[in-house]
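# give me coordinates for this.
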Amino acid sequence: MNEPVLRLVEVTRVHGSGETAVHALREVSLDVFPGELVAVMGPSGSGKSTLLNLAGALDRPTSGEVELAGQSLSGLKPDELAQLRRRRIGVVFQDYNLIPSLTAAENIGLPLELDGQHAVAARQEARAVLKDLGLGGLADRFPDQLSGGQQQRVAIARALIGERRLVLADEPTGALDSVTGEEVLSVLRARCDAGAAGLLVTHEPRHAAWADRVVYLRDGVIVDGTVAREPARAIR
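Take a look at the predicted model:
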């Protein structure tokens, strides 16, 4: 059996201390495997964002262990974590976080450039990714020249370029209409089918239907985890 790309082992995250302490997560364990898309659902304040931040090496657990591709993150220094995020983890935000002064190809290739790749090579790879997504004609457009759905697909392409093994998506369709949202989820699903591991935070059951599994959080605890029906991948 494949080893998980992401492993959380009895992870607890406490904010503050004493009487004001808030337990955002309580002994959460979760594995996400290559080719798998896992949806995370739960009410506001249930710990979804905290889980995503820990998975993306943007925060450290109070106790427990976070592993990426078999490597524990607990002993890594800040610069090592930053390098890991650039090379192995892609994050898709609800508000896209594209740089307005850069073209679509430049936005997508930026992580590769920051990691030392020559700009020409980085943008050539970015153009290839855009072509794969059916957006090859948009490579030289700036974000304000793209629709919301196109911007989000560019953001997903940026999150997956290079050797990214894990993609994290925080309500990626929240600002989109239903048709465009489905297109974005289709891209995310295809990338996971191609071998990436995905973690999708959503409050929409119809979006969670694109996932292989759905994990429910309440008060920082996983209260249920289900295996999606096989036809769920075919829902379009």
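# list the contacts for Ala175?
Gln94, Asp95, Gly148 (CB atoms under 8 Å, 6 or more residues apart in numbering). Backbone N, C-alpha and C define where each C-beta goes, glycine included.
# just Pro100 next, same as before
Phe142, Pro143, Asp144.
# out of those residues, list just those in helices.
Applying DSSP state H to those, no entry is found in helices.
# could you pull out the strands for this protein?
Remark: strands assigned in the chain by DSSP state E are 6-15, 22-32, 37-41, 63-68, 71-72, 89-92, 166-170, 197-201, 213-218, 221-227.
# packing partners of the longest helix seen in the chain?
Secondary structure assigned by DSSP H gives helix 178-193 as the longest helix of the chain. Counting contacts by 3 or more CB pairs under 8 Å, 6 or more residues apart in numbering; DSSP states H and E, helix 178-193 packs against strand 37-41, helix 148-160, strand 166-170, strand 197-201.
# shaky segments in the chain?
1, 225-236 (pLDDT under 70).
# circling back: now the contacts of Ala175 as JSON lines including distance to Arg87 and neighbour count?
Formatted as JSON lines, the contacts of Ala175 follow (distance: CB to CB, whole Å; neighbours: other CB atoms under 10 Å):
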{"residue": "Gln94", "distance to Arg87": "24", "neighbour count": "16"}
{"residue": "Asp95", "distance to Arg87": "24", "neighbour count": "12"}
{"residue": "Gly148", "distance to Arg87": "28", "neighbour count": "15"}
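# for the most centrally placed residue in the chain, what are its contacts?
Of all residues in the chain, the one closest to the mean position by CA atoms, centre = their mean is Leu168, 1.0 Å from it. Residues near Leu168 by CB under 8 Å, 6+ apart: Leu52, Ala55, Gly56, Ile89, Gly90, Val91, Val92, Ala159, Gly198, Leu199.
# so the fifth one bridges to which residues?
In this structure, Gly90 has the following beta-bridge partners (DSSP bridges): Val167.
# and it, how many neighbours does it have?
Residue neighbour count, defined by other CB atoms under 10 Å, stands at 25 for Gly90.
# with the last one instead?
Taking other CB under 10 Å as the neighbour definition, Leu199 ends up with a count of 27.
# so it touches Pro4, yeah?
No - with contact defined as CB atoms under 8 Å, Leu199 does not reach Pro4; the gap is 11.5 Å.
# overlap of the contact sets of the two?
Val32.
# and the longest helix of the chain, how far out from the chain middle?
Computed by CA atoms, centre = their mean, to the nearest Å, the chain-centroid distance of helix 178-193 equals 13 Å.
# got the buried residues for it?
For helix 178-193, burial by neighbour count (16 or more other CB atoms under 10 Å) applies to Thr180, Gly181, Glu182, Glu183, Val184, Leu185, Val187, Leu188, Arg189, Arg191, Cys192.
# how about those in TSV, adding distance to Gly116?
As requested, the buried residues of helix 178-193 are exported to TSV (distance: CB to CB, whole Å):
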residue	distance to Gly116
Thr180	35
Gly181	35
Glu182	37
Glu183	33
Val184	30
Leu185	33
Val187	27
Leu188	27
Arg189	31
Arg191	24
Cys192	27
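# quick one: which of these is nearest Glu36?
Cys192 (6.5 Å; CB to CB).
# related to what we said a few turns ago, any idea which of the contacts of Pro100 is closest to Leu114?
Looking across these and measuring by CB to CB, the closest to Leu114 is Pro143, at 18.5 Å.
# distance of the nearest residue to Val91 once chain neighbours are set aside from Ser101?
Distances taken as CB to CB, 6 or more residues apart in numbering place Leu168 nearest to Val91, at 4.9 Å, with adjacent residues excluded. Noted for Leu168: a distance of 25 Å to Ser101, by CB to CB, to the nearest Å.
# understood, closing this out.
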